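> Give me coordinates for this.
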Amino acid sequence: MSLDVLQSAQPYCDLMLYDIKAVDSDIHRRGTGSGNEQTLANLAWLDSVGQPLWIRMPVIGGYNDQSDDLARRFDLVAGLTCVKRVDVLPYHEYGVGKYQALGWDYPLGGEASVSTEKIALIRELAQAHGVAINVAEE
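Residues are numbered from 1 along each chain as shown. Okay, the predicted model is just below:
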C-alpha cells in the first residue's frame, strides 16, 4: 500500500492490524512476489504518528521460519512505541478444504507446518528480545 493511501485512511482507525512476514526483503519477495521496503516504511510512519498497532507475524515452515529473521522481526517490534499486541500465527491447513471445493491446487502442504519445537524457539526468541507474544495454536 502506498504511503499516501495509508495516510488518508489512518485518521479513521483506532487500531491497525499489521502483518510482518519477514524483515529480509528477499524472504518477503519469495512468499509474496514483492519486497517489503514499502511495508516497513509504512510501519515506521504509523509508529511515528502514534497509531496503535496490533502486529501479526505469520510463520510458515520453509518460508519465513528462520531464527535470524524471526529475531530481526522481534527487534523491529521491540523498537516500536505503539504496539498493543503481537500475535505469532503458525501456518495451518484450515484453507485446504476451500481450495479443494473450488477445484484449485493448494500451494502449500504439510511441510509448511510449524513444529512445537519451533514454536518453543519462537517463544524464547521473543522473550530474549523483550517482546510479549501470543501464539495462535490449534
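> which residues in the chain form strands?
16-19, 53-59, 83-90, 134-135 (DSSP state E).
> what bits of this protein have low per-residue confidence?
Low-confidence segments of the chain, defined by pLDDT under 70: 109-110, 138.
> where exactly do the helices run in this protein?
Using DSSP state H, the helices of the chain run over residues 3-9, 25-32, 37-48, 67-78, 96-102, 116-128.
> which of those is buried the deepest?
Stretch with highest mean neighbour count among the helices of the chain: helix 67-78 (a mean of 18; mean count of other C-beta atoms under 10 Å). (Each C-beta comes from the backbone N, C-alpha and C, glycine too.)
> before we move on, the earlier item: could I get the helices of the chain in CSV, plus columns for distance to L17?
As requested, the helices of the chain are arranged in CSV below (distance: least, C-beta to C-beta, whole Å):
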stretch, distance to L17
helix 3-9, 13
helix 25-32, 17
helix 37-48, 11
helix 67-78, 14
helix 96-102, 21
helix 116-128, 18
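> what residues are up against the most centrally placed residue in the chain?
Central residue of the chain (C-alpha atoms, centre = their mean): M57, 2.5 Å from the mean position. The contact partners of M57, by C-beta atoms under 8 Å, 6 or more residues apart in numbering, come to 19-21, 70, 73, 86-89, 133.
> Show me the two of those residues that sit farthest apart.
By the measure C-beta to C-beta, the contacts of M57 have their two most distant members at K21 and I133, which lie 15.6 Å apart.
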